[in-house]
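1. okay, sequence plus prediction incoming.
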Amino acid sequence: MAHMFTLRGLKYKEILDIVELDIHEHRITCIVGESGSGKTTLLRLLNHLISCDEGEIWFQNTPLSKWDPVELRRKVMMLSQMPAIFEGTVRDNLLIGFKFCEKPPVEDGQLLDVLKIVRLPKDLSQDSNSLSGGEKQRLAMARVLLLGPQVFLLDEPSSALDEETTQFVMEQLVHHVKRLNKTMIMVTHSRAVVQAFAEHVVEIKKGKIVTREG
Ligand SMILES: Nc1ncnc2c1ncn2[C@@H]1O[C@H](COP(=O)(O)OP(=O)(O)O)[C@@H](O)[C@H]1O
Ligand SMILES: [Mg+2]
């Protein structure tokens, strides 16, 4: 199977020290580890929001430094743990990514479909400020799904969701990712999520990879 990301001799501050890590395309990779171990930092490196001090990261066999940042972030999108929700309606928030990506916007029907995937049965005209934390997280997830990157980097996507919603939403997400031949790299604390969906588990401890499974 081809590598989506290849990491060699990577160092970032005193935070990460990764000798070797390969992340395969079309797989569901889960990153696990204690709080403060460097999981979010790793996702930020993969998205080239930050650059490593030593070593190299290749995305599809090209070093991240050679990628045009705009093109890279069209292909590799990160959903942060505390995603930004903008002033305006649910529809405004779903469409805002299209402005940034210079893609043509989509019809309401497609917006409603993506809200179903993340189990957010809201009116498109509802004020997004009235949503709960978990609902905002799902709205942001819907926004990323609509933009259809090749790689989804998800930082604890279910941290604000109850078990049952997590199971449903993750199932939908994984199904979507598989159907469209995408790649998902997700930080999670949920053993249930790892057990149900992980095809590759990467455990980080104090900035180092301690297990590579799958
Ligand atoms: N920009 C930064 N500058 C300095 N230290 C940071 C920075 N970002 C995160 N850290 C530190 O790096 C460590 C790893 O952080 P993080 O990647 O957020 O961990 P995790 O997501 O696994 O909880 C933590 O000790 C954190 O305080
Ligand atoms: Mg984190």
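-> Arrived safely, thanks for sending. Ligands and ions are numbered 1, 2, ... in the order given.

2. which helix in this protein has the most residues?
-> Assignment by DSSP state H gives helix 163-179 as the longest helix of the chain.

3. end-to-end on stretch 181-199?
-> 14 Å (Cα to Cα, to the nearest Å).

4. buried ones in stretch 99-112?
-> C101, L111, L112 (16 or more other Cβ atoms under 10 Å). C-beta: built from backbone N, CA, C; applies to glycine.

5. return the member of the residues you listed nearest to ligand 2.
-> C101 (25.2 Å; Cβ to the ion).

6. enumerate every residue touching that closest one.
-> By Cβ atoms under 8 Å, 6 or more residues apart in numbering, the residues touching C101 are R74, L147.

7. now with 10 Å, please.
-> C101 makes contacts with V70, R73, R74, M77, L146, L147, G148, P149, as judged by Cβ atoms under 10 Å, 6 or more residues apart in numbering.

8. find me the pLDDT at it, would you?
-> On pLDDT, C101 comes in at 71.

9. these two touch, right, T6 and N61?
-> Yes - counting by Cβ atoms under 10 Å, N61 is a contact partner of T6 at 7.6 Å.

10. what's the end-to-end length of stretch 64-78?
-> End-to-end distance (Cα to Cα), stretch 64-78: 15 Å.

11. residues near the residue in the chain that ligand 2 sits nearest to, how many?
-> Going by Cβ to the ion, ligand 2 is nearest to T40 of the chain, at 3.2 Å. Neighbour count for T40, taken as other Cβ atoms under 10 Å: 19.

12. just give the closest residue to it, not the sequence neighbours.
-> Among residues not flanking T40 along the chain, D155 sits closest, at 5.6 Å (Cβ to Cβ, 6 or more residues apart in numbering).

13. any idea how far the one you found is from K205?
-> Distance of D155 to K205, computed by Cβ to Cβ, to the nearest Å: 18 Å.

14. between these two, which one's more packed in?
-> Shown here are D155 and K205; by other Cβ under 10 Å, D155 has more neighbours (21 against 13).

15. dihedrals phi and psi, that one?
-> Dihedral pair for D155: phi -100, psi 100, per degrees, to the nearest 10.

16. same for the longest helix of the chain, what does it pack against?
-> strand 28-32, helix 108-117, helix 133-147, strand 151-155, strand 183-187, helix 191-197 (3 or more Cβ pairs under 10 Å, 6 or more residues apart in numbering; DSSP states H and E).

17. Q167 is nearest to which of those?
-> Closest approach to Q167 among these is made by helix 191-197 (7.0 Å; Cβ to Cβ).
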